[in-house]
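[1] model the following, please.
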Amino acid sequence: MNALLLFLFFFITLSSVFLTMQWVVYRAFRLWMANWAVNSKDSESYLKAAFWFLVIGNILFYSRFVVSFTNLHSYEAIQWLLIKPGGIFFATIFLQFLVAAPYVVVRFVRAKVDKKEHRTPKPSSTKSETVDLSRRKFIKNAGTLAFGAPLVINTGFAVATHRNYVITDQTLLYTKLPSELEGLKIAHISDIHSGIFMSKNQIIEIFEIINAQNPDLVCITGDHVDTHVSEIPNIREAISALKPTYGIFGSPGNHDHYADIDAVVGAFADTRMNMLQNSNVELNIDGAPVNLIGIDDAGTGAMNFANPDKAFKGLNPESFKILMSHRPHLFDLAGEKDIHLTLAGHTHGGQIAIDLPGIELYPIDWFHKYSRGHYQQGESQLYVNVGVGLVGAPIRLVRPEITLLTLTSNPDKAGKTVRNA
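    Predicted coordinates:
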């Protein structure tokens, strides 16, 4: 029942935001039409096309929730005919909303000002009619670009980007690191989102890239599945493809709760994956103790499942401590608890960003204190992986990331490099 309530909360929240965005876009479309359409025939045909675009788009988008309750999403035909077009529609509405919202607000304010000042339209003339026709043509072309470009752009990026993996090599300096842990390699990924945009074969592809890095540990920080228990088998069966030296460790994310947290955790009980849900384990690596700590998803209010006291209970004070937390804001707590390394995800790097030579614009940075990459507070360090999976739409301008963290006590070795997978 808890999983159902969480899913309903997620579904209602998403639908409320999405339908509001559509209303704003449609309102802007009608205002645009009023400025350029010369006759009612033009207006009716364009409005009818917009109406059917929204109807068909919503059918495609919401069908994902029906399909996710089955295993149909694993079929390529369903992906290309139903799932991906629905995701592209969602992303298109989002970009159109970014353009439409300011336009609607400006028109609303202008209408209020005109009403307050009792302004009336100026009388028309032959000359003004000529100028008006030219203006209408400009408005038509500009609006067509504003409404049409997002669909073309999103379709292109949906095909090109979401499997374009990058490997981040980050060597972390710990001046008091035990000599036994020198060079220890930790592969870190997050937000797999097994489901409509992530098939079993795609998960295995990611795991094979990880294996090629020869990691000692693999840590997966939450959102193993997307929204439903039917998505569990693909990742459960794929997990056996991972071959680290000392084991695979995971912690829960919010989407694991949307599906069914007990089912997600239980699915890995007889696999090499050790799911740590507000718990910890101790490893002995060449004689040096290492504590792996997994904390449950730390959302807000009733959706905060984290229990730090339980997660940190019984830690070895002499161990090197690694905390896995889906949400990166728990890094503040990690510093208080003498945690050496915190691994997190959740943000997806915003999934949409601009990163070109001389230009770096990640909107996610405005909303998260720890949004992506490496952070340090004293002896405590954090890495926020931007994820390998997708949520919402099959589009990533932020390349999916596999992080390879190497521990060292040598200052000359510390640093970061990025390479293609």
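[2] show me where the stretch 1-150 of the chain has strands.
    Counting by DSSP state E, counting those that start in this stretch, the stretch 1-150 of the chain forms no strands at all.
[3] tell me where it has helices.
    In chain order, the stretch 1-150 of the chain shows helices spanning 2-36, 40-67, 76-78, 84-116, 126-160, with DSSP state H, counting those that start in this stretch as the criterion.
[4] including mean neighbour count, distance to residue 311 and mean pLDDT, could those helices go into CSV?
    Every C-beta, even on glycine, is put in place using the N, C-alpha and C of the backbone. Conversion of the helices of the stretch 1-150 of the chain to CSV gives the following (neighbours: other CB atoms under 10 Å; distance: least, CB to CB, whole Å; pLDDT from 0 to 100):
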stretch, mean neighbour count, distance to residue 311, mean pLDDT
helix 2-36, 16, 20, 85
helix 40-67, 15, 32, 85
helix 76-78, 11, 39, 72
helix 84-116, 17, 35, 83
helix 126-160, 14, 38, 68
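[5] go through the ones you listed and name the closest to residue 299.
    Using CB to CB as the measure, helix 2-36 is the one of the helices of the stretch 1-150 of the chain that comes nearest residue 299, at 9.5 Å.
[6] report the angle between the closest one and helix 40-67.
    Taking axes from the mean of the first three to the mean of the last three CA atoms, to 10 degrees, helix 2-36 and helix 40-67 form an angle of 170 degrees between their directions.
[7] how far off centre is helix 2-36?
    Relative to its chain's centre, helix 2-36 lies at 19 Å (CA atoms, centre = their mean, to the nearest Å).
[8] quick one on the thing from earlier: same list, the helices of the stretch 1-150 of the chain, but as CSV with distance to residue 183 please.
    Shown next, in CSV, are the helices of the stretch 1-150 of the chain (distance: least, CB to CB, whole Å):
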stretch, distance to residue 183
helix 2-36, 41
helix 40-67, 44
helix 76-78, 41
helix 84-116, 41
helix 126-160, 36
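[9] among the ones you listed, which is nearest residue 293?
    Judging these by CB to CB, what sits closest to residue 293 is helix 2-36, at 23.8 Å.
[10] helices and strands around the closest one, which ones?
    Using 3 or more CB pairs under 8 Å, 6 or more residues apart in numbering; DSSP states H and E, the elements in contact with helix 2-36 are helix 40-67, helix 84-116, helix 126-160, helix 254-259, helix 261-267.
[11] and those as a markdown table, adding distance to residue 243?
    Supplementary listing: these in a markdown table, determined by distance: least, CB to CB, whole Å:
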| stretch | distance to residue 243 |
| --- | --- |
| helix 40-67 | 32 |
| helix 84-116 | 32 |
| helix 126-160 | 30 |
| helix 254-259 | 24 |
| helix 261-267 | 20 |
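[12] find the nearest non-adjacent residue to residue 89, please.
    Taking CB to CB, 6 or more residues apart in numbering, and ignoring the residues beside it in sequence, residue 89 has residue 57 as its nearest neighbour in space, at 3.6 Å.
[13] dump the residue contacts of the one you found.
    Listed by CB atoms under 8 Å, 6 or more residues apart in numbering, the contact set of residue 57 reads 86, 89, 92-93.
[14] between the helices and strands packed on helix 2-36, which gets nearest to residue 349?
    It's helix 126-160; of the helices and strands packed on helix 2-36, that one is closest to residue 349 (CB to CB) at 14.5 Å.
[15] hmm, back to that, the helices and strands packed on helix 2-36: which one's closest to residue 416?
    helix 126-160 (25.5 Å).
[16] would you tell me which of the helices and strands packed on helix 2-36 gets closest to residue 396?
    Go through the helices and strands packed on helix 2-36 one by one with CB to CB and the one that ends up closest to residue 396 is helix 126-160, at 7.6 Å.
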